[in-house]
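# Pasting a predicted model and its sequence here:
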Amino acid sequence: MSNSTIQIANQNGTTVGVTDNNRLKVEVGDISDVNTAKIARLSASSTTIAEEVKSISFYNAHASTTATVAIGGATAVNLLAGETVNFDAGGGSNKFPAGHFVVGSATDVLTIYVH
């Protein structure tokens, strides 16, 4: 077996030599870190977003009816006709827990979220 060298650069650009007589450990992120986008037009009396959510937007598309949105078990807040609210859990793999958002009394609420 020859003594070949593989050059690997770290996140700072510094090269690190690894010979074929040594082992190289490579860590790969969990496949569950992949995000999926969803869009739904809600018109039920109450809808709970069942997935963990990275970001979410609610738009009340109805011309005159008020919808409600409850966050984390708190009292529902009115979402007036034409209003939009957005929530983002921040960077990395941060997510709001499953069931954290509940849309109530929706007549026409467009919901877009990444989970």
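Now that the structure is in, tell me what you want to look at.

# Output the below-cut-off pLDDT ranges for the protein.
Judged by pLDDT under 70, the chain has its weakly predicted residues at 1-11, 16-33.

# Tell me which residue is most central in it.
Ranked by distance to the mean C-alpha position of the chain (CA atoms, centre = their mean), the top residue is residue 54 at 2.0 Å.

# Hmm, residue 87 and that one touching each other?
No - applying CB atoms under 8 Å, one finds residue 54 not in contact with residue 87, separated by 9.6 Å. Bear in mind the C-beta positions are built from the backbone N, C-alpha and C, glycine included.

# Could you tell me which residues touch both of those two?
Overlap of the contact sets of residue 54 and residue 87 (by CB atoms under 8 Å, 6 or more residues apart in numbering) consists of residue 96.

# Who's the closest spatial neighbour of residue 66, skipping the chain neighbours?
residue 78 (5.0 Å; CB to CB, 6 or more residues apart in numbering).

# ah, wrong one, I meant residue 36
In space, residue 36 is closest to residue 115, 5.9 Å off (CB to CB, 6+ apart).

# Count the neighbours of residue 49 for me.
The number of residues packed near residue 49 is 21, by other CB atoms under 10 Å.

# shouldn't it be in contact with residue 56?
Yes - Residue 49 is in contact with residue 56 according to CB under 8 Å; the separation is 6.9 Å.

# which residues do the two both contact?
101, 111, 113.

# Of those, just say which sits nearest to residue 34.
residue 113 (14.8 Å; CB to CB).

# Look up phi and psi at residue 44.
phi -100, psi 170 (degrees, to the nearest 10).

# quick one, what contacts it?
residue 106.
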